[in-house]
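Q: model the structure of this input:
(2 chains)
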Amino acid sequence: MKINIANIGIIAAFLALGTLASCDKKTPQPNNQNEEFDAIKVNFIKLESNGTQTTDTTTVSFNASGVATPANTNLTTDKKYRTLITLYSNGASINHEIIEEASEHKFFFFANPPSGVGSYTYNDGIGLDGVMEIKGSTAFNLQILLRHGLNKNHADAQAYNSPNYQNAGGDNDLNINFNITPGQ
Amino acid sequence: MPHILAKHIKYLALLLGMGLYYNAAGQKPKCNHTLAVLVKDAASGESLIGADVQTDNLHIQTDVAGLAPLQNVCPESRIHIHVTLERYKAIDETILIGQTDTITLSMQPLSKDLSEVQVIGHHTEVKSANAQASIAGAALEQVKGNNIAAMASKLSGVTMLQTGASIAKPVINGMTGNRILILNNGVRQEGQQWGAEHAPEIDGMTADNITVVKGAESVRYGRDAIGGVLLINPPALPYHFSGIHGTVNLMGMSNGRKGVGGLMLNGALGKQKNWAWRVQSSLAESGNYRTPEYFLDNTGTRERNYSAALGYNQKKWNVEGYYSHYNNEIGIFKGSHIGDTTDLKARIANGRPFDNGSFYYGIDAPRQVVQHDLGKLKAHYHLNEQWNLDAQYSLQHDRRQEYDIRRGGRTSIPSIDLKLLYQELNIEAAYTEGKHWKGNIGINGSTTVNNNEPDLYTVPLIPNYDAQNLGLFALARYLGKDYTIEGGLRYDYQRLNAAGYDAANHAYGGRKSYENLSATLGINYSPNNRWRLMSNAGTAWRPPTVNELYSTGLHHGAAQYELGDSTLRAEKSVKWMNTIAFTNYKRNLSVELNAYVNYFDNYIYLNPSLTYFQSLRGAFPVFNYKSTNALFTGLDLMANYALNTHWDYNIKGSIIRAKDISNDRFLPFIPSDRLSHSIKYSTAIAKNVKSGYISLEHVMVAKQTRYEAGSDYAPPPQGYQLLNLGAGLDWTLGKQSININLGVNNLTNQLYKEYMNRFRYYAHDLGRSVELRIAYKF
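A: Prediction:
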């Protein structure tokens, strides 16, 4: 009889434990995601031949889906442009996050056909700020890639348009492209 | 008769791969050994209570667990045992005792004319008419220190779904994740099984045996037991033993420069030794793994696990408590971290990482940190000759944190941080009427709560949810002269309530409920002790998981955009498993063939939509969860032939055919055809050094040719062949023993890729590994 009582006690304890412990989910909170950039602006500031800046600025904006406005950008051939890239999250620039981790980030620029870009010089070692030379008269597509976690000392991470940039490791943080038409 | 018996014992031991060896001539060590005699029903495998066990100077009855402890027995000696129980044929045998702690005596119901004695270690048999296979004893020692899926993959019909070298999920007859059930120490494993890159949160070092039941077992266990059940059992608690016994494990593996240490201590307390306890812990650390040509950066692991058990055993009842803690940190191969589809394509085109990596132990992002706590309390009560009652309450707490490579110092904040609390109560009554009828009825209730930790600056992959389950089942068995018929029914009900916010901060979720009626019917026919035929048909089900219902975004780990479907219905299946087994002890041959058909109504899968999601990060392929009708068929073969007392040949193979029959398409991630065979030479090296062996295994894996072009990022890799070498010995020092195993995996350092490894897109599989395992038992 003692045994029976002991067993009933144990079963009752099990049931009590099961009932007492929390069984409901927590009410979720809206996301405060602020890491993914949701807009990008690329500013092309025309430079004089001596390198001084003009007031002629062309801006290309990208929405969260990577769509460029305007769809086609007109720039002057044989001119150099200071190229400034700004990444936004919830309306605020997050460029400082890239600058703080400068050793792990680098932009690459690929023109297709390649003749559209004559040269690119990194002003900041990252590519948020640089100078791009527009060449030729043929419309081209410009792909802008931001690599994260790459070995920036790798031989294939040096050229702005290194075709084998993958060899330097890392992965894409940003991959956008848009059309540029060089003109007079 | 004893002579024949001894021969049987030896062959059985060989067949079980346990490497036990019995020395009849034996010396005369101290006679203070405690030998537990476990008495079972030969037909059903159930423990028999109240059996009279007599030796020349002892008379004792088996307790509620079917155990009769014989004290002051001389190891390495012969013992005369007489066992009687009403309605069973008496056993009257002289048995040779080795260093084993337990002997199992299987009593034949009076209707059968042959008695059979098995000497095995502690072993939990499963009452089922489905095909089963187990790994225990010396065979298990040879694979310890690996993850649980790798250990189980030594069983025929069991393979792995891997995410790199350290994350593996067991696959039974082509089914994995929520289509199989894992019972860890009798408790349904509840963690974050919904993810392909989420390994079961179980410490393999706790296992004394691993058993696979290859059939639909929904009636007995409820949802998810569609493709099969994997049981991971610790050793039985050592009631009635004197002194403290234990095992020390030390292992080293060259690949990953992995070290594993394990300690287990157990003993019995009290005047009657009715209290039994066990404590156990294991530590493991590994660095970067190596393929034959390069290192895989950031693939180290760190494990810190412990467990404790306490039990009290009376003549009519027992109570056992168990607690375990699992703590695992896993580095995710750096080369698998991809930005967008451009990245993925470049890696696949390269077929291997862009650099050669190097060796280090440090673990960096991406990484997973997983903690799993399991507590259980179990009571058994022997009410009377007819009724036995079991009650079990279990609680599991799982915390999964996944850290990704992030910007702005966010790498130290997990991208995923999930806390799950699962509680379950099972109450079961077992009934025996006369010598023919047995039955079980049970009720089972459980609750799950799974919450995302807030403030991670990410969009959670799955919503917060809670779920409640209720199950009721009844099983009946009729034991005939040479057959057993089993039938059962079960009703399950699940209620699910989910809530979350998607990337655009739109609320989603809601309440859902699912119910199912499962049925099983099986027959086990054994006309003589050579042939055994089994056939079992069972229906099974699983409700859709929350990710299948509600995924709404980018799955960074997989570089794909996944869309759930909240209208998905429960997945239902029927599996018909047939087994034909032949054992000829005289010819030292055993062969077993399993053949199965598994039909699915509403098979849920991730379908490539062939469209892309565009973002500033680049393009990502869109996959949506869909359901279809599917058919799986397959064969598992295993055979063993002892050429003589030294040479042993073993072969096992499996074939699976899986199709989406609604659309006449092959299903992805199905293991390809595989066959492995091994030859083993065993011999006693010296009086104290027994069961020395050397073995060579040849593994052949075919290319998966049943594949839909365009349904995967990369086509299946080529087939491959591997050679594995093993050698070991058992050194006995009185009551203590040292078991040493040396193995070389991938002996020829073959460069290969396995279709079932999700990192085959980025890298090859592991190269050669020399592995040393030492187990000291006292």
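Q: look through the stretch 501-650 of chain B and state the residue closest to chain A.
A: B:Gly618 (3.4 Å; CB to the nearest CB). The C-beta positions use only the backbone N, C-alpha and C, and glycine is treated the same way.
Q: ok, then the element right after the top strand by length along chain B?
A: Longest strand of chain B, by residue count under DSSP state E: strand B:589-615. Heading C-terminal from strand B:589-615, the first helix or strand you meet, by DSSP states H and E, is strand B:618-642.
Q: what angle sits between that following strand and strand B:589-615?
A: Here the directions of strand B:618-642 and strand B:589-615 differ by 180 degrees (axes from the mean of the first three to the mean of the last three CA atoms, to 10 degrees).
Q: list the buried residues in the longest strand belonging to chain A.
A: Identified as the longest strand of chain A according to DSSP E is strand A:171-183. Buried residues in strand A:171-183, counted by 16 or more other CB atoms under 10 Å in any protein chain shown: A:171-180, A:182.
Q: check stretch B:530-548 too.
A: B:532, B:534-548.
Q: near chain A, anything from that stretch?
A: No: using CB under 8 Å from any CB of the partner chain, stretch B:530-548 never reaches chain A; the gap is at least 10.6 Å.
Q: so where do the strands sit in chain A?
A: Going by DSSP E, chain A shows strands at A:39-47, A:53-62, A:68-69, A:72-76, A:80-89, A:92-93, A:105-112, A:117-122, A:129-134, A:140-148, A:171-183.
Q: between these, which gets nearest to chain B?
A: Comparing the strands of chain A by CB to the nearest CB, strand A:171-183 comes nearest, at 2.7 Å.
Q: ok, the residue lying closest to B:Pro366 once chain neighbours are set aside - contacts?
A: Leaving aside its chain neighbours, B:Pro366 sits nearest to B:Ile332 (4.1 Å; criterion: CB to CB, 6 or more residues apart in numbering or on different chains). Applying CB atoms under 8 Å, 6 or more residues apart in numbering or on different chains to B:Ile332 gives the contacts B:163-164, B:167, B:298-299, B:366-368, B:557.
Q: what do you get for B:Thr62?
A: B:37-39, B:47-51, B:53, B:68.
Q: from those residues, which land in strands?
A: Counting by DSSP E, the contacts of B:Thr62 contribute B:37-39, B:53, B:68 to strands.
Q: helices along the stretch 151-300 of chain B, start to end?
A: Ranges of helices in the stretch 151-300 of chain B, per DSSP state H, counting those that start in this stretch, are B:218-221.
Q: can you list the low-confidence ranges for chain B?
A: B:1-33, B:43-45, B:64, B:75-76, B:98-101, B:110-129, B:557 (pLDDT under 70).
Q: give me the residue from it nearest chain A.
A: Counting by CB to the nearest CB, chain B gets nearest to chain A through B:Gly339 (2.7 Å).
Q: doesn't A:Asn172 make contact with that residue?
A: Yes: counting by CB atoms under 8 Å, B:Gly339 touches A:Asn172, with 2.7 Å between them.
Q: bridged to B:Lys40, which residues?
A: B:Lys40 forms beta bridges with B:Ser47, B:Ser106, as assigned by DSSP bridges.
Q: just to check, it is in contact with B:Gln108?
A: No: at 10.6 Å, B:Lys40 and B:Gln108 do not qualify as touching, with contact defined as CB under 8 Å.
Q: so which of these two has more stuff around it?
A: B:Lys40 (20 against 17; other CB atoms under 10 Å in any protein chain shown).
Q: tell me how far the residue of chain B closest to chain A lies from B:Ala559.
A: 8 Å (CB to CB, to the nearest Å).
Q: residues contacting B:Arg511?
A: So B:Arg511 contacts B:495-497 (CB under 8 Å, 6+ apart).
Q: give the pairing partners of the helix or strand harbouring it; include direction for each.
A: Taking DSSP H and E as the criterion, B:Arg511 maps to strand B:507-525. Sheet pairing for strand B:507-525, assigned by DSSP bridges, gives strand B:483-501 (antiparallel), strand B:531-542 (antiparallel).
Q: what lies in contact with the helix or strand just after the shortest one?
A: It refers to strand B:531-542. Downstream of strand B:531-542, the next assigned helix or strand under DSSP H and E is helix B:546-550. Helix B:546-550 has contacts (CB under 8 Å, 6+ apart) with B:194-195, B:450, B:461-463, B:465, B:496, B:498, B:500, B:508-509, B:512, B:562, B:564-566, B:568, B:604, B:625.
Q: how about helix B:546-550 as PDB, C-alpha atoms only?
A: Coordinates of each C-alpha in helix B:546-550 appear next as PDB, following Å, rounded to 0.1, in the frame of the first residue of the first chain:
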ATOM      1  CA  VAL B 546       7.600  26.100 -38.700                       C
ATOM      2  CA  ASN B 547      10.200  26.800 -41.300                       C
ATOM      3  CA  GLU B 548       8.200  24.900 -43.900                       C
ATOM      4  CA  LEU B 549       5.100  26.900 -42.900                       C
ATOM      5  CA  TYR B 550       6.600  30.400 -42.400                       C
END
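Q: thinking again about what came up before, which of the contacts of B:Thr62 count as buried?
A: The buried subset of the contacts of B:Thr62 - by 16+ other CB under 10 Å - is B:37-39, B:47-51, B:53, B:68.
Q: re the thing from before, just the buried residues from the contacts of helix B:546-550, in PyMOL please.
A: Buried subset of the contacts of helix B:546-550, written as a PyMOL selection, criterion 16+ other CB under 10 Å:
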select buried, chain B and resi 194+195+450+461+462+463+465+496+498+500+508+509+512+562+564+565+568+604+625
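Q: nearest residue to the one residue sitting closest to the centre of chain B other than its sequence neighbours?
A: In chain B, the residue lying closest to the centroid (CA atoms, centre = their mean) is B:Leu230, at 3.9 Å. Once flanking residues are discounted, B:Leu230 sits nearest to B:Ile182: 4.8 Å by CB to CB, 6+ apart.
Q: for the one you found, give me its contacts.
A: B:170, B:188-189, B:200, B:202, B:229-232.
Q: swap the cut-off to 10 Å and go again
A: B:Ile182 makes contacts with B:148-149, B:152, B:169-170, B:172, B:188-191, B:193, B:200-202, B:224-225, B:229-232, as judged by CB atoms under 10 Å, 6 or more residues apart in numbering or on different chains.
Q: report the buried members of these.
A: B:148-149, B:152, B:169-170, B:172, B:188-191, B:193, B:200-202, B:224-225, B:229-232.
Q: quick one: residues contacting the residue sitting furthest away from the middle of chain B.
A: Centroid-distance maximum for chain B: B:Leu616 at 43.5 Å, with CA atoms, centre = their mean. Contact partners of B:Leu616, counting by CB under 10 Å, 6+ apart, are A:36-40, A:62-67, A:87-88, A:146, A:173-176, B:340.
Q: if we go to 7 Å?
A: B:Leu616 is in contact with A:37, A:40, A:62, A:64, A:66, A:174, A:176, counting by CB atoms under 7 Å, 6 or more residues apart in numbering or on different chains.
Q: what about the residue lying closest to the first one once chain neighbours are set aside, distance to B:Asn547?
A: So that's A:Phe37. In space, and not counting its chain neighbours, A:Phe37 is closest to A:Leu87: 4.2 Å by CB to CB, 6+ apart. A:Leu87 sits 30 Å away from B:Asn547, going by CB to CB.
Q: now swap in B:Glu190 and tell me
A: From B:Glu190 to B:Asn547 the distance is 15 Å (CB to CB).
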